[in-house]
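Undergrad: how does the following fold in three dimensions:
(chains A, B and C)
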Amino acid sequence: MLQLEGLTVSYGAVQAVRGLDLSVAKGEFVALLGPNGAGKSSTIGAITGLVPSKGRVILDGKDITRLPTEARIVRGLTACPEGRHVFANLTVAENLRLGAATRSDKAGVAADIDRYCTLFPVLGERIAQAAGTLSGGEQQMLAISRALMSRPRMLLLDEPSLGLAPMIVARIFDFIGSLKADGLTVLVVEQNAAQALRFADRAYVLGTGQLRYSGTAAELAGSDLMSMYLGA
Amino acid sequence: MEYFVQQFVNALAFGSEYALVALGLAVVFSIMGLVNFAHGEVIASACYCVFLAVAVGLSQPWLAILLALAAAGAASVLLERVAFRPVRNAPTTTGLLTAFGVSIILQNLFQLLISPRPQAVPVLNGLNATWHVGGFTVSSLQVMEFLAAALSIGALVLFLNRSTLGIAMRAAARDFSTVRLMGIRANRVIAMAFAISGVLAGVAAVFILARRGSVSPDMGFGLVMKAFVACVIGGFGSLSGAAVGGMLLGFIEVGLLVALPQEHGGLKEALTYVIVIAILVYRPEGLLGSRQELGDKEI
Amino acid sequence: MTTDALPATPSAASRWILRGLTGGIITALPVVAIGLYFIGFAPNYYQHLAAAALVNLIIVVGLQVFMGNSGVPQLGHSAFVGLGAYGLAILATPVALKKLSIPHAPFGLSQITLSPVIAIPISFVVVAVLALVSGRIISRLSGVAATIVSLAFLVIVHSVFLHWPELFKGNQAFFGIPKIFGLPAIIAGAVAAIVIARLFRESATGLQLRATADNLQAAEALALDSRALRRRAWLLSALICGAAGMLYAGFAGTISPKVFYFQQVFLTLAMLILGGMGTVTGAMLGTILLSFGLEAIRSVETGVSVLGIQMPAMLGLSGVALGVVIVLCMALRPQGISGRYELDEAIGALLRRNSRMDKAE
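TA: Numbering: from 1, shown residues only, chains lettered A, B, ... in the order given. Coordinates of the predicted model:
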């Protein structure tokens, strides 16, 4: 579904990602792991197009490297950015509505808003409240729901566990894992390898911008890479 | 009492005009961090379009009004495409100086292509009549200006709260990148901001034209100066701040007009600015502004 | 350890002074050369043009001191030029001429004539007082608001010039100012302004101010007081602009408020942007280039005859050119021609590279 070929991201003279090759098949759940500064978020940025990059990004066999971010979203990609980035000055309902900005079926959008409010009752309770007043975990639930509002075929998740309590992290990952059953393709970037590997089919490990390892989640869990790169 | 009511309506009218122009500046600034010094030339462009239309014989007032609104909207969007797109992601200073340069170019082009002297445009003079409302004599133009401003602001609020694009614009004021992640085209949001800004300026242009009955190359610059000051007192980048600041400026000006003796009337402008600056000494972030909205916006 | 470190401090201090002085003098050399050429070889009319251009240069240097180092656009500097000019005019114009122009001046100013030696310092004090007051307010505001308020300050000062005719003679020309300055004095003033601006740039205040422009949060985390730094730059900038005003008044003998208004702001701003606002070299380069360029455009503007055909006058052409310079610079090269380096730094880098290449061979 998604292929990266020779992806390179540079900020001035610093290369954050160097010649990364990666692929995610349809319906697969792939984890992109690595320590701080390994280039994980830059990779997500390059896939969404918010961060300029060299190399090729291929979605459904089509080269989307030159497309602006908006056009990539229209093609079925969606991303939940690091640090959640809910629109703090907008209400929960407005946040969800913007998530569905690419859709034109009003009834479907309303039904989806109801669906996420049932899944995460706290969103339903605070539907008319400014998103900035939500707690970190609630904001993460909102950000993921918002990303899913576009009915994407592929979801990019950047550090969903960042700054959240372990119990909430587990709950959020349970939800992310459940998405696999719906046939959604997921690429999740995480420092919390243990959580990410609970549901991942395969994993890539990045270190200082380069690919250090790739294989199935089960292989990775047993290897000494876990302690070398992932502190687990 | 009569005098008081007249001056009150006068202040409302001036305040409405400043609020309209200041809102136009704030809409653009809040979304892309551009300090649009060329906004006054959008107003002047609209007025010159009406002038040219009258010159070729199109002199119906309703046509002039529609033309002013359309021309201002179009001029604003066109300026974004031609001049401001290359500096969209540049620092605030770069955008500010670009807009300043665009303003100089347009003012001088009006001089070069039309005339450095004011040109008469009497087409909307008919709007200016005397009305008797409940025993008071008021200027129709002033009442209409206030109503038009109230209506425009109401429509803007409705748009920003109800339509998806409007909600996206509010979101973009804080976090443009994430708005793009929602699949909303950045160009569309920015073009809409400039179109709204332009149409608001067009509404102001109609009333300026009706009051002055003439156009001149630098007619917009002084007004935009005041609108910027209104934005600064209201809190730069805040939409409600721009509207409140504009109204306040109108009342300060008319208050000075009433208070100052005739022979010092010329100092009205200077004293207005002194009062405004005095407000800023106590509230550097403006009346409704917060520190973060104060111009050092990250895009 | 400490005994070793101690002598290093004064030598570091003298090093920045030395760097500022040599840098300033190198930057001023082209100005002196062009100025001397005009004194020696150009007809009288061109000497006037040269004087006007050099006054503009001093204003641009003054503008650079605040805008270039703090990164905050300032559009009100012409207020200080006007204050300096009117200060000298009101104090130094002979009583006989004041009887004609400002017979009802307040504070008995129409009854006194001060020698320039006294009038100039007093004018500087007036400029300094107003700069201190306005600087206190402007340094508190963040970027955009500061720019707008600087512009409002210009409008206030201009409005007072216009509407206090007893003192400033309204929108009429103020004449009879003793012509105490010639082209050599203006050249000397320009050199002094360039050297002072360079010294400020290299000084601790200048360096710290540039750091706040680079990254305000980081600089304030290092306990740099951005407000105090901006206030100092604002004061120096105002004094340099005020000096330009006095030189102009003492050269031309006649001033009027419209000289010190938006036209001058546009012109000097375009000069600084073209040359590059980050450096004093930029101020110098931009002024020289635009002064020559605009003179060429002005001759077209007033209607020249090309091949025997009289071209129509095109008022506004020079204004369009100024605007185009600003817009194109911002779109293509926002740092201006000079970029980040002063003339002496660029020469030094070039020499080092050449010597490296020599060694390599």
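Undergrad: and the strands in the chain, which stretches?
TA: Defaulting to chain A. A:2-11, A:14-24, A:29-33, A:54-59, A:62-63, A:77-80, A:154-158, A:185-190, A:202-207, A:210-216 (DSSP state E).
Undergrad: right idea, wrong chain: chain B
TA: So, for chain B - with DSSP E - the strands run B:119-120, B:130-133, B:136-139, B:214-215.
Undergrad: quick check: which of the strands of chain A is nearest to B:Leu20?
TA: Set against B:Leu20 and scored by Cβ to Cβ, the strands of chain A come closest in strand A:77-80, at 38.4 Å. Where C-beta positions appear, they are placed from N, C-alpha and C, glycine not excepted.
Undergrad: list the contacts for residue 16?
TA: Using chain A. A:9-10, A:39, A:42, A:209 (Cβ atoms under 8 Å, 6 or more residues apart in numbering or on different chains).
Undergrad: to clarify, I was referring to chain C.
TA: C:202-204.
Undergrad: so which of those is the most crowded?
TA: Tallying neighbours with other Cβ atoms under 10 Å in any protein chain shown puts C:Glu202 at the head of the contacts of C:Trp16, with 20 neighbours.
Undergrad: where does the prediction get shaky in chain A?
TA: A:224-232 (pLDDT under 70).
Undergrad: so which residue of it comes closest to chain B?
TA: Closest residue of chain A to chain B, Cβ to the nearest Cβ: A:Ile73 (3.3 Å).
Undergrad: A:Ala217 is in contact with A:Ala31, isn't it?
TA: Yes - contact criterion Cβ atoms under 8 Å: A:Ala217 and A:Ala31 qualify, at 7.0 Å.
Undergrad: what's the overlap in contacts for those two?
TA: A:197, A:200, A:202-203.
Undergrad: so which of those residues is the closest to B:Ser139?
TA: A:Ala200 (72.5 Å).
Undergrad: quick one on the thing from earlier: and the strands of chain B as a markdown table, adding distance to A:Ala147 and mean pLDDT?
TA: Compiled in a markdown table, the strands of chain B are given as follows (distance: least, Cβ to Cβ, whole Å; pLDDT from 0 to 100):
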| stretch | distance to A:Ala147 | mean pLDDT |
| --- | --- | --- |
| strand B:119-120 | 56 | 87 |
| strand B:130-133 | 55 | 80 |
| strand B:136-139 | 55 | 81 |
| strand B:214-215 | 51 | 91 |
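Undergrad: helices of chain B, start to end?
TA: In chain B, the helices defined using DSSP state H lie at B:2-32, B:39-55, B:61-79, B:92-113, B:140-162, B:164-172, B:176-181, B:186-212, B:219-234, B:239-259, B:268-282.
Undergrad: what residues sit buried inside the helix ranked longest in chain C?
TA: Secondary structure assigned by DSSP H gives helix C:2-41 as the longest helix of chain C. Neighbour counts over helix C:2-41 (16 or more other Cβ atoms under 10 Å in any protein chain shown) mark C:16, C:19-20, C:23-24, C:26-28, C:31, C:34-35, C:38 as buried.
Undergrad: can you list the shared contacts of A:Ala217 and A:Ala31 in CSV and add neighbour count and distance to B:Leu209?
TA: Converted to CSV, the shared contacts of A:Ala217 and A:Ala31 look like this (neighbours: other Cβ atoms under 10 Å in any protein chain shown; distance: Cβ to Cβ, whole Å):
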residue, neighbour count, distance to B:Leu209
A:Leu197, 20, 69
A:Ala200, 27, 66
A:Arg202, 19, 68
A:Ala203, 26, 67
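Undergrad: between the buried residues of helix C:2-41, which is nearest chain B?
TA: Chain B lies nearest to C:Thr27 out of the buried residues of helix C:2-41, by Cβ to the nearest Cβ, at 23.1 Å.
Undergrad: enumerate every residue touching that closest one.
TA: Contacts of C:Thr27 (Cβ under 8 Å, 6+ apart): C:194, C:198, C:280-281, C:284, C:342-344.
Undergrad: tally of neighbours for residue 106?
TA: Because you didn't say which chain, this covers chain A. Count around A:Lys106 with other Cβ under 10 Å applied: 9.
Undergrad: that's the other chain; I wanted chain C
TA: Using other Cβ under 10 Å: C:Pro106 sits among 10 other residues.
Undergrad: pLDDT at it, what is it?
TA: C:Pro106 carries a pLDDT value of 80.
Undergrad: how close does it sit to chain B?
TA: To chain B, C:Pro106 is 14 Å away according to Cβ to the nearest Cβ, to the nearest Å.
Undergrad: hang on, that residue packs against C:Leu167?
TA: Yes - contact status for C:Pro106 versus C:Leu167: in contact at 6.2 Å, counting by Cβ under 8 Å.
Undergrad: any idea how far A:Arg202 is from A:Arg153?
TA: 18 Å (Cβ to Cβ, to the nearest Å).
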